[in-house]
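[1] Provided below are the primary sequence and the corresponding predicted coordinates.
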There are 2 protein chains.
Amino acid sequence: MRLSRYFLPVSKETPADAQIASHRLMLRAGLIRQTSAGIYAWLPIGLRVLRKIEQIVREEQNRAGAVELLMPTIQSADLWRESGRYDAYGPEMLRFADRHDREMLYGPTNEEMITALFRDAAKSYRDLPRTLYHIQWKFRDEVRPRFGVMRGREFLMKDAYSFDLDEAGARASYDAMFVAYLRTFARMGLQAVPVRAPTGPIGGNLSHEFHILADTGESQLFYDAALEDVTREELLSADASTIARMTSLYAMEAEEHEKVTDCPVPAERLHTRRGIEVGHIFYFGTKYTEAMGMTVQGPDGQALYPQMGSYGIGVSRLVGGVIEASHDEAGIVWPEAIAPFKVGLINLRADDAACAAASDELYAKLETAGVEVLYDDRDERGGAKFAGMDVIGVPWQLIVGPKGLAAGVVELKNRKTGERQELSIEAALARLAG
Amino acid sequence: MRLSRYFLPVSKETPADAQIASHRLMLRAGLIRQTSAGIYAWLPIGLRVLRKIEQIVREEQNRAGAVELLMPTIQSADLWRESGRYDAYGPEMLRFADRHDREMLYGPTNEEMITALFRDAAKSYRDLPRTLYHIQWKFRDEVRPRFGVMRGREFLMKDAYSFDLDEAGARASYDAMFVAYLRTFARMGLQAVPVRAPTGPIGGNLSHEFHILADTGESQLFYDAALEDVTREELLSADASTIARMTSLYAMEAEEHEKVTDCPVPAERLHTRRGIEVGHIFYFGTKYTEAMGMTVQGPDGQALYPQMGSYGIGVSRLVGGVIEASHDEAGIVWPEAIAPFKVGLINLRADDAACAAASDELYAKLETAGVEVLYDDRDERGGAKFAGMDVIGVPWQLIVGPKGLAAGVVELKNRKTGERQELSIEAALARLAG
């Protein structure tokens, strides 16, 4: 993408109301713009990151055998009356009437709707087990939206729902999602800690939250230091034994930790850090299937209530979460798997014919090789281009200048390490497109 | 995808309230389920088609140089007061107050929001021209939603907005979108007719609608028969001359046609058919930039109001539109470019070890080759499997049965032509994966 034809309003100023790094950087680097309190437009570069995160989430859901569908954003109040949650839910639920005065709401979650859909479609035990998911915009009318996309009102969430014949099946579905979550966050370059959680308003008897460790997290975590020893490779090849190992290690949010009178972890191994909740999984049995009269015919001909679980990932929140976990003073440092572009190509002298020709050629060759390139072809000062590319956080910067070109070389900079190296155009292409 | 693990509730019944073929077939083939009046959940197979149509739309927008972003569904009423449309818009606009009693709405379109975003970001003539688009859910509170996704309340729309320095530039942006539309519909296997349209409530002085010809369309069209002679190849390589040729040919909606006193088309060349509007493009000058005070500094240092256009495609409506244009008595007949799967693999005898082994192997090999396969591996009667696959409308059916297998052959059926042919497993693989 040529910057001269793109829409990337990079700002030098730090917005006053942005309290945390990710919020500041998302505004400065032109990822988002607020359109109402807690509601954001995703500008092109922000949308690219959002879609990459969404795609990793999707691939891992599919890999776990979950089936994607898409439920609408607007739901009927009557549906929520079936479960009893319409009255139980607080003012976070955005409620309104349509032109025929029917009570409607903007879905904050979808347990009721998926149960109703599955109730209409599944008749027999042979239709189980099934895990269904969607990735859709949700709305929670936060009283005080803050931290940018981390606690916005309109947000993108992946929510999956499992239906099983019995508790053993439900546990297997729960574990499959647990593995999917470990892989999902590891692929994004994140260290996520699973924390045993109280089940709260969704109800049920088993729940884990997944937290990214970051100083600006809203939660305070206490956990066994051994959790930090789990390697990325182990997470990417996670299975039941990984879950057994990780869940055997102590990890609690402060509020729960304080209730614990005999913490099993010796003080020197009890670490505490702040965390950002990016995923939450629940097993809640027959709470919704019973309330909503959802049965299937069992193998013995008797009707039974399927066992359910639900599994959320905050897709838009993750964009902020990754930045909290990966930035420096100059800007964002994207993990390559979710970077908006792999390469930032900087032409230091847009008014120099040789520089322009060499840059155009590099751009064309990288694009042809399928490498995603953000090409700063504008007639601007080099300093502004460097600073802009640093803020945006593209993993590799490829710099074309008149001096180097005369000597037959270009410069390649690694955004994360800062390492710079001069190499021939051919060598640079081979490195980036290889 | 194995049908035994999928979520595809095919229904034999024809819903009573479904008046048109696409609505009936989308319900019967398990593409959608209604969750409230005019609001639908997209079941897995429907979502696959929706995403393929969306991706073709996206590719052609990008090809035309438009830049993708994503605006939120919920907008502030104040934004619409800037343009004067908050009071002008009818009860189709879904309005509500948030918990702080701020007036909000579910966006039916985005002229105001994109103008506000561009106003904050663009300062100079060098930031022009620019066409920005997004593909996002919209809501129009239709008084009588009908025809399934063709006139639903929550719907997926691509809307693009162009900003130009002057009228000539705006016309070039308009033409670039015109070409993109011709290519977009041609790629989906559709014959779309551009119809000169009155500009209506959006205002301005130039507008075209794009209609699919289908007997169940809501509009009656009158047009020069020569429009039917434009070939798919011409549309796929459309340029300014294609536009000139097509727009020189008479085409009007009935309401406008009746006002014409001297129709230039001789009676024998004046065709009339019903059409489904799937796209609409507008050039409306400075209507919004003036109303909302959006200026950039021109080359001469003077502030000027950019010229705008807007360009919509009904992405979710297209799913119904394609079915209206392409179905038979047995069900849907998907054009290959947007089919949910390319191949429907039918194992006629799931209880026969040889049939299951051969089918499993075919499935694995096709998947490995990147072919999208819906594999009916269920223990059901052959007749039900054939009928189900016909309703779903997958372009190719690959049938594995015990008799054929004993003779070393499988059967390949073309859904559109009904043509059947027996061939060896290797030949079938080569044909489908080639």
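    Looks like it arrived, so ask away. Numbering: from 1, shown residues only, chains lettered A, B, ... in the order given.

[2] where do the helices sit along the stretch 251-400 of chain A?
    For the stretch 251-400 of chain A, the helices defined by DSSP state H, counting those that start in this stretch cover A:254-257, A:287-291, A:315-325, A:353-368, A:382-392.

[3] quickly, which of those helices bottoms out on average pLDDT?
    Among those, helix A:254-257 has the lowest mean pLDDT, at a mean of 91.

[4] which one of the helices of the stretch 251-400 of chain A is the most hemmed in?
    Burial of these is given as mean neighbour count (mean count of other Cβ atoms under 10 Å in any protein chain shown); helix A:315-325 ranks first at a mean of 26. For the C-beta atoms, the positions are set from N, CA and C on the backbone; glycine is no exception.

[5] how far off centre is it?
    How far helix A:315-325 lies from its chain's middle: 6 Å, per Cα atoms, centre = their mean, to the nearest Å.

[6] can I get it in PDB? Just the C-alpha atoms.
    Below are the C-alpha coordinates for helix A:315-325, written out as PDB (Å, rounded to 0.1, in the frame of the first residue of the first chain):
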ATOM      1  CA  VAL A 315     -11.200  -9.700  19.700                       C
ATOM      2  CA  SER A 316     -11.100  -5.900  19.600                       C
ATOM      3  CA  ARG A 317      -9.800  -5.700  23.200                       C
ATOM      4  CA  LEU A 318      -6.900  -7.900  22.100                       C
ATOM      5  CA  VAL A 319      -5.700  -5.200  19.800                       C
ATOM      6  CA  GLY A 320      -5.200  -3.000  22.800                       C
ATOM      7  CA  GLY A 321      -3.900  -5.900  24.900                       C
ATOM      8  CA  VAL A 322      -1.200  -6.800  22.500                       C
ATOM      9  CA  ILE A 323       0.000  -3.200  22.400                       C
ATOM     10  CA  GLU A 324       0.100  -3.000  26.200                       C
ATOM     11  CA  ALA A 325       2.200  -6.100  26.200                       C
END
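
[7] and that helix, what other elements does it pack with?
    Judged by 3 or more Cβ pairs under 8 Å, 6 or more residues apart in numbering or on different chains; DSSP states H and E, the packing partners of helix A:315-325 are helix A:21-28, helix A:44-63, strand A:154-164, strand A:206-213, strand A:270-285.

[8] in CSV, list these along with distance to A:D377, mean neighbour count and mean pLDDT.
    Formatted as CSV, those follow (distance: least, Cβ to Cβ, whole Å; neighbours: other Cβ atoms under 10 Å in any protein chain shown; pLDDT from 0 to 100):
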stretch, distance to A:D377, mean neighbour count, mean pLDDT
helix A:21-28, 21, 23, 95
helix A:44-63, 16, 20, 98
strand A:154-164, 32, 24, 98
strand A:206-213, 36, 23, 94
strand A:270-285, 36, 21, 95
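
[9] closest to A:R171 out of those?
    Nearest to A:R171 among those is strand A:270-285 (7.1 Å), distances taken as Cβ to Cβ.

[10] and the closest one with helix A:21-28, angle?
    If you take axes from the mean of the first three to the mean of the last three Cα atoms, to 10 degrees, strand A:270-285 sits at 80 degrees to helix A:21-28.

[11] circling back to that earlier point, closest one to A:Y86 among the helices of the stretch 251-400 of chain A?
    helix A:287-291 (11.8 Å).

[12] is any part of that closest one close to chain B?
    No - Helix A:287-291 does not reach chain B (Cβ under 8 Å from any Cβ of the partner chain); its nearest approach is 15.8 Å.

[13] need the contact partners of that helix.
    A:82-84, A:111-112, A:115, A:163, A:202-204, A:294-295, A:305-308 (Cβ atoms under 8 Å, 6 or more residues apart in numbering or on different chains).

[14] next: stretch A:383-396.
    Stretch A:383-396 has contacts (Cβ under 8 Å, 6+ apart) with A:8, A:10, A:25, A:28-30, A:45, A:327, A:330-334, A:336, A:339-344, A:346, A:348, A:374, A:376, A:378, A:397, A:412-416, A:432.

[15] give me the buried entries from these.
    A:8, A:10, A:25, A:28-30, A:45, A:327, A:331-334, A:339-344, A:346, A:348, A:374, A:376, A:378, A:397, A:412-413, A:415, A:432 (16 or more other Cβ atoms under 10 Å in any protein chain shown).

[16] where's the residue nearest to A:I399 when sequence neighbours are not counted, which helix or strand?
    Spatial nearest neighbour of A:I399, excluding adjacent residues (Cβ to Cβ, 6 or more residues apart in numbering or on different chains): A:E411 at 4.2 Å. Per DSSP states H and E, A:E411 falls inside strand A:409-414.

[17] count the neighbours of the closest residue in space to A:G189 that isn't next to it in sequence for me.
    Nearest residue to A:G189 in three dimensions, chain neighbours excluded: A:P335, at 3.2 Å (Cβ to Cβ, 6+ apart). Using other Cβ atoms under 10 Å in any protein chain shown, A:P335 is surrounded by 17 other residues.

[18] doesn't A:A325 make contact with A:P335?
    No - checked against Cβ atoms under 8 Å, the pair A:P335 and A:A325 is beyond contact range at 9.0 Å.

[19] mutual contacts of the two, please.
    Common neighbours of A:P335 and A:A325 are listed as A:L190 (criterion: Cβ under 8 Å, 6+ apart).

[20] the host helix or strand of A:Y133: how far from the chain's middle?
    If you go by DSSP H and E, A:Y133 is part of strand A:130-139. In this view, strand A:130-139 has its centroid 14 Å away from the chain centroid, taken as Cα atoms, centre = their mean.

[21] show me which residues of it are buried.
    For strand A:130-139, by 16+ other Cβ under 10 Å, it's A:130-139.

[22] cool, stretch A:414-428 as well?
    Using 16+ other Cβ under 10 Å as the test for burial, stretch A:414-428 gives A:415, A:423, A:425, A:428.

[23] what's the most distant pair in those residues?
    A:R415 and A:I425 (20.3 Å).

[24] how about A:A303, nearest residue that isn't a chain neighbour?
    Nearest residue to A:A303, sequence neighbours excluded (Cβ to Cβ, 6+ apart): A:T295, at 4.1 Å.
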